[in-house]
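**Student:** Sequence plus the predicted model coming up.
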Amino acid sequence: MITFSSVANANVRNTKQQEFIDVATLLPTALFDIRYYSSNNFVGKPIDGYKSAKCLLHKTTAYALQKAHKQAQLAGLNFKIFDCYRPQRAVDHFVRWVNDPTDLVTKATYYPNLGKDELLGGYIAAKSGHSRGSTLDLTLTDSEGTELNMGSLFDMFDTLSNTDDLRITTRQKANRYKLKNIMLAAGFAPYSMEWWHFTYKQQAYPNTYFDFVIE
């Protein structure tokens with residue numbers, strides 16, 4: 001496992017960083033709601049490492065996502081993207097938050113049925129695939145920009161967010177599968193616990209966790 005941080009070799013880090021693309025340049029009609037740049041997230045505060053509301057992905061993943069977006073558009077749909085590359089320092093921020101039992105400000109919205117001590121592992125990891133540059137979180141909208149009903153909020157830590165949770169309606173399941181099938185066809189793998197989470201299968205750096213700031 002390799003972690004590129006501020007103390008890593010600058011030349012190697014910068015060369016690899018240059019392989020990341022601002023996805024908005026490839027998907028100019030997609031919608032972006034980068035939650036960790038704002039306070040509209042489960043921590044309730046802007047997250048370390050997000051100095052700009054950009055979606056950055058490794059170029060191989062970004063071009064695969066462009067193909068997926070074209071398929072969504074053919075179906076009269078659009079993408080709304082919540083998160084892409086995530087610096088390791090942001091993940092560290094999540095872990096600090098999880099380990100603070102006194103901060104329960106967002107519990108009712110994001111984890112109403114779980115204790116914070118249950119979030120680390122399945123929902124919040126000390127090392128996130130997002131830091132490798134080939135994972136993103138997103139949903140579908142209609143042509144007017146209204147999100148399709150997926151049955152749970154983005155980042156809701158609950159089994160209700162599992163793709164095949166039995167409590168969701170037929171329409172909600174169909175909407176989840178519209179997203180899942182579009183992403184599968186473009187080479188992305190889903191995460192069964194979170195309907196919004198996808199990783200490009202042919203990751204450029206499957207064992208590398210980057211930490212450069214999003215600027």
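**Tutor:** Perfect, thanks for sending it. This is a predicted model, so every value here is computed, not measured. Residues are numbered from 1 along each chain as shown.
**Student:** From residue 76, how far off is residue 97?
**Tutor:** In this view, residue 97 and residue 76 are 38 Å apart by CB to CB, to the nearest Å. Every C-beta, even on glycine, is put in place using the N, C-alpha and C of the backbone.
**Student:** In terms of helix, strand or coil, where does the most centrally placed residue in the chain fall?
**Tutor:** Of all residues in the chain, the one closest to the mean position by CA atoms, centre = their mean is residue 137, 2.9 Å from it. Assigned with DSSP: H, G, I helix; E, B strand; the rest coil, residue 137 falls in the strand class.
**Student:** who does it bridge with?
**Tutor:** residue 83, residue 197 (DSSP bridges).
**Student:** And the strands in the protein?
**Tutor:** Using DSSP state E, the strands of the chain run over residues 2-3, 20-22, 31-32, 56-58, 78-83, 135-141, 188-191, 194-200, 208-209.
**Student:** which one of those lies closest to residue 165?
**Tutor:** Nearest to residue 165, of all these, is strand 194-200, at 8.7 Å by CB to CB.
**Student:** Off-centre distance for that closest one?
**Tutor:** 7 Å (CA atoms, centre = their mean, to the nearest Å).
**Student:** Put the alpha carbons of that strand into PDB.
**Tutor:** Output of strand 194-200 as PDB, limited to C-alpha atoms (Å, rounded to 0.1, in the frame of the first residue of the first chain):
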ATOM      1  CA  GLU A 194     -24.600   2.100  -1.300                       C
ATOM      2  CA  TRP A 195     -26.700   2.500  -4.400                       C
ATOM      3  CA  TRP A 196     -24.700   5.700  -5.400                       C
ATOM      4  CA  HIS A 197     -21.200   4.200  -5.200                       C
ATOM      5  CA  PHE A 198     -19.300   3.000  -8.200                       C
ATOM      6  CA  THR A 199     -15.600   2.100  -9.000                       C
ATOM      7  CA  TYR A 200     -14.100   1.700 -12.400                       C
END
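**Student:** and it, what's its mean pLDDT?
**Tutor:** Mean pLDDT, computed over strand 194-200, is 98.
**Student:** what's the answer for stretch 80-91, then?
**Tutor:** 98.
**Student:** Endpoints of that stretch, how far apart?
**Tutor:** Using CA to CA, to the nearest Å, the end-to-end distance of stretch 80-91 comes to 22 Å.
**Student:** Can you pull out the low-pLDDT segments for the chain?
**Tutor:** Along the chain, segments meeting pLDDT under 70 span 1-13.
**Student:** the helices in it, which residues?
**Tutor:** 10-17, 59-74, 88-98, 107-110, 170-185 (DSSP state H).
**Student:** buried set for the shortest one?
**Tutor:** Right, helix 107-110. Within helix 107-110, the residues that count as buried by 16 or more other CB atoms under 10 Å are residue 110.
**Student:** do the second one as well
**Tutor:** If you call a residue buried by 16+ other CB under 10 Å, then helix 59-74 has these buried ones: 60-62, 64-65, 68-69, 72.
**Student:** Cool, thanks, talk later.
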